[in-house]
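*Asks:* Here's my sequence, what's the structure:
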Amino acid sequence: HPRAPSARVDLVYRPTGEVAPGDPGSLDEFLAENYRFYTGSRPWYCEIDHDPWPLRSAAVDVRENTLFEANGFDRPDGDPLVHYARTLDVEADRLRSVRS
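*Replies:* Here you go, the predicted structure:
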C-alpha cells in the first residue's frame with residue numbers, strides 16, 4: 001500500500017506439538033476458526049469453507065518487529081500466542097458488500 005507506514009518483521013518459528021484442534025469455545029478456536037474474511041477500504045466480505053485448522057503449538061524467535069510502533073500501537077506485554085498449521089485448502093464464495 002503506497003501510504004502504509006514502513007515496518008519490519010524478522011522472525012523464525014517452528015511447530016512444537018502434535019496436531020490438536022482448538023477446543024469448542026476456546027480462544028484457539030475463536031482465533032483460528034473464522035469462515036468469513038473482510039477486505040478493502042469499502043467493506044467487502046466473503047464466506048469461506050474449509051476443514052478445521054490442524055493447529056499445532058509453536059515457538060517463535062522474534063528478532064525484530066516494528067509493526068506495532070509503525071501503526072501507532074504500544075507493543076503488547078507478554079509472550080505472543082503462536083500456532084502452526086500446514087497448508088489448508090479453502091473454498092471462497094463471491095465477494096459481497098457490507099451493508100448497515
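
*Asks:* what's the least confident helix or strand in the chain by mean pLDDT in contact with?
*Replies:* Across the helices and strands of the chain, mean confidence by mean pLDDT, DSSP states H and E is lowest for strand 36-39: a mean of 80. Contacts to strand 36-39, defined as C-beta atoms under 8 Å, 6 or more residues apart in numbering, come from residues 44-48, 95, 98. In short, each C-beta sits where N, CA and C put it, glycine included.

*Asks:* Pull up the pairing partners for whichever helix or strand comes after that strand, direction included.
*Replies:* The C-terminal neighbour of strand 36-39 among helices and strands, as given by DSSP states H and E, is strand 44-49. Strand 44-49 has the following sheet partners, assigned by DSSP bridges: strand 36-39 (antiparallel), strand 91-92 (antiparallel), strand 96-97 (antiparallel).

*Asks:* Indicate which one of the ones you listed is closest to residue 74.
*Replies:* With C-beta to C-beta as the measure, strand 36-39 is the member of the strands paired with strand 44-49 nearest residue 74 (24.5 Å).

*Asks:* Can you give me the distance of the residue lying closest to residue 5 once chain neighbours are set aside to residue 87?
*Replies:* Distances taken as C-beta to C-beta, 6 or more residues apart in numbering place residue 70 nearest to residue 5, at 4.1 Å, with adjacent residues excluded. Here residue 70 is placed at a distance of 29 Å from residue 87 (C-beta to C-beta, to the nearest Å).

*Asks:* and residue 12, what are its bridge partners?
*Replies:* Under DSSP bridges, the beta-bridge partners of residue 12 are residue 61.

*Asks:* For it, give its distance to residue 83.
*Replies:* The gap separating residue 12 from residue 83 is 15 Å, by C-beta to C-beta.

*Asks:* before we move on, back to that, could I get the strands paired with strand 44-49 as JSON lines with mean neighbour count and distance to residue 18?
*Replies:* Shown next, in JSON lines, are the strands paired with strand 44-49 (neighbours: other C-beta atoms under 10 Å; distance: least, C-beta to C-beta, whole Å):
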{"stretch": "strand 36-39", "mean neighbour count": "11", "distance to residue 18": "28"}
{"stretch": "strand 91-92", "mean neighbour count": "10", "distance to residue 18": "27"}
{"stretch": "strand 96-97", "mean neighbour count": "10", "distance to residue 18": "38"}
